[in-house]
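Peer 1: Quick one, structure for this:
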Amino acid sequence: MSEILSAPYVLEYTYTRSTGPVVGRFLESLRYEVLEGVKTVDGRVLCPPLEYDEDGEPTTGEFVQLRPSGIVKSWSWVEEPRKGHPFDRPFAWALIQIEGTDNAMVHVVDAEKAERMRTGMRVRLRWADKKNGSIRDIECFEPIEPFLPGPVHLEYEVNPGEHYSAYLRGLEQGKLIGGRDPESGKVYVPPRAADPVTGNPTSEYVEVTDAGVLTTFTIIRIPFEGQKLKPPYCFGAIVLDGADMPIYHLISGVPHDEIRMGMRVKAVWKPKDQWETSLENILYFEPTGEPDAEFDSYKEHL
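Peer 2: Here you go, the predicted model:
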């Protein structure tokens, strides 16, 4: 029998595709290392952006810039890459949901070995060195290693300046010192170099009382790193009598459900032998029992 003949053939489709206004913008943004998605009419975000969602509804054309990271939803490991694959070493194809989006895109994860891959792992985008406005401007995604605690301890000295120093020295003596604008008469506690509204120097120091009006407040119920107090506790903005701006301090001595805007409060100080150049000389503010202030008297401080 004679030898069976064979010859190589190449199948090509030589046509030009228009990417359109949505996909076209997405690809052009990749050229500048910007990752974008598009909003749907029901408020979802799709990346890569599409002109129509899966139900055939047109998307809004409103673009959203996204963080270059995401979550692996599923993956398949390629141990022996073939010609045309993005790498000549083992890699993974993965469905990756970019943070802040509601769909997933197919791309490459450069994970070195299959043992590093898992569904749900976080990955970050790695940009190609040379970009041409195509999906290949995203070279691949790579695993984000788990974060390890790395506490930093920094010691330094603070120079509070002339005006804040006067305020701190006043606290050391059990006084609350403010700075007055001689033109407007406004008093700022702590004092500052100039009135933020008029720009006039606040050259005159005045003492204000340690009682005032609670204008706003928040009750902290969630613990966080470095917290000095155990939740729940209340922190509020207090406009002291004679002052025109609030200071912020702990509110105590009253059930949280009885704390209210306009409540009159007064400072509770540490024992005098514990006073330092610090606002912590005041332990907290508590209700005075006086009638609440009228809203119009403090509304400009909200």
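
Peer 1: Where do the strands of the stretch 51-200 of the chain begin and end?
Peer 2: Assigned by DSSP state E, counting those that start in this stretch, the strands in the stretch 51-200 of the chain fall at 63-65, 69-78, 91-98, 105-109, 122-127, 138-143, 176-180, 187-188.

Peer 1: can I get those strands in a markdown table with distance to residue 243 and mean pLDDT?
Peer 2: No exception for glycine: its C-beta is placed from N, CA and C like everyone else's. Shown next, in a markdown table, are these (distance: least, CB to CB, whole Å; pLDDT from 0 to 100):
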| stretch | distance to residue 243 | mean pLDDT |
| --- | --- | --- |
| strand 63-65 | 43 | 96 |
| strand 69-78 | 46 | 97 |
| strand 91-98 | 49 | 98 |
| strand 105-109 | 56 | 97 |
| strand 122-127 | 48 | 97 |
| strand 138-143 | 54 | 97 |
| strand 176-180 | 6 | 95 |
| strand 187-188 | 5 | 95 |
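
Peer 1: For residue 227, find the nearest of the ones you listed.
Peer 2: strand 176-180 (26.0 Å; CB to CB).

Peer 1: Just give the strands next to that closest one in its sheet, each with its orientation.
Peer 2: Sheet pairing of strand 176-180 (DSSP bridges) gives strand 187-188 (antiparallel), strand 204-208 (antiparallel).

Peer 1: Nearest to residue 22 among the ones you listed would be which one?
Peer 2: That would be strand 187-188 among these, by CB to CB, at 52.3 Å.

Peer 1: What's the separation between the residue nearest the centre of the chain and residue 50?
Peer 2: Geometric centre of the chain, nearest residue: residue 67, 12.7 Å, by CA atoms, centre = their mean. Relative to residue 50, residue 67 is positioned 20 Å away (CB to CB, to the nearest Å).

Peer 1: pLDDT (mean, whole number) over stretch 219-239?
Peer 2: The predicted model gives stretch 219-239 an average pLDDT of 92.

Peer 1: And for stretch 267-284?
Peer 2: 96.

Peer 1: so how far is that stretch off the chain centroid?
Peer 2: 34 Å (CA atoms, centre = their mean, to the nearest Å).

Peer 1: neighbouring contacts of that stretch?
Peer 2: Identification of contacts with stretch 267-284 by CB atoms under 8 Å, 6 or more residues apart in numbering yields 168-169, 171-174, 210-211, 247, 249-253, 285-286.

Peer 1: Out of those, the closest to residue 122 would be?
Peer 2: residue 250 (38.3 Å).

Peer 1: And for residue 35, the neighbour number?
Peer 2: Residues near residue 35, counting by other CB atoms under 10 Å, number 24.

Peer 1: how far away is the residue nearest to it when sequence neighbours are not counted from residue 99?
Peer 2: Nearest residue to residue 35, sequence neighbours excluded (CB to CB, 6 or more residues apart in numbering): residue 66, at 4.7 Å. Going from residue 66 to residue 99 by CB to CB gives 7 Å.

Peer 1: swap in residue 44?
Peer 2: Applying CB to CB to residue 44 and residue 99 gives a distance of 14 Å.

Peer 1: Repeat that for residue 129.
Peer 2: Taken as CB to CB, the span from residue 129 to residue 99 is 24 Å.

Peer 1: who has more neighbours, these two?
Peer 2: Counted by other CB under 10 Å, residue 129 and residue 99 do not tie: residue 99 has more neighbours, with 15 against 6.

Peer 1: can you put the strands of the stretch 51-200 of the chain in JSON lines and add distance to residue 259 and mean neighbour count?
Peer 2: Putting those into JSON lines (distance: least, CB to CB, whole Å; neighbours: other CB atoms under 10 Å) gives the following:
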{"stretch": "strand 63-65", "distance to residue 259": "39", "mean neighbour count": "15"}
{"stretch": "strand 69-78", "distance to residue 259": "41", "mean neighbour count": "17"}
{"stretch": "strand 91-98", "distance to residue 259": "43", "mean neighbour count": "21"}
{"stretch": "strand 105-109", "distance to residue 259": "49", "mean neighbour count": "19"}
{"stretch": "strand 122-127", "distance to residue 259": "41", "mean neighbour count": "17"}
{"stretch": "strand 138-143", "distance to residue 259": "48", "mean neighbour count": "20"}
{"stretch": "strand 176-180", "distance to residue 259": "22", "mean neighbour count": "23"}
{"stretch": "strand 187-188", "distance to residue 259": "25", "mean neighbour count": "22"}
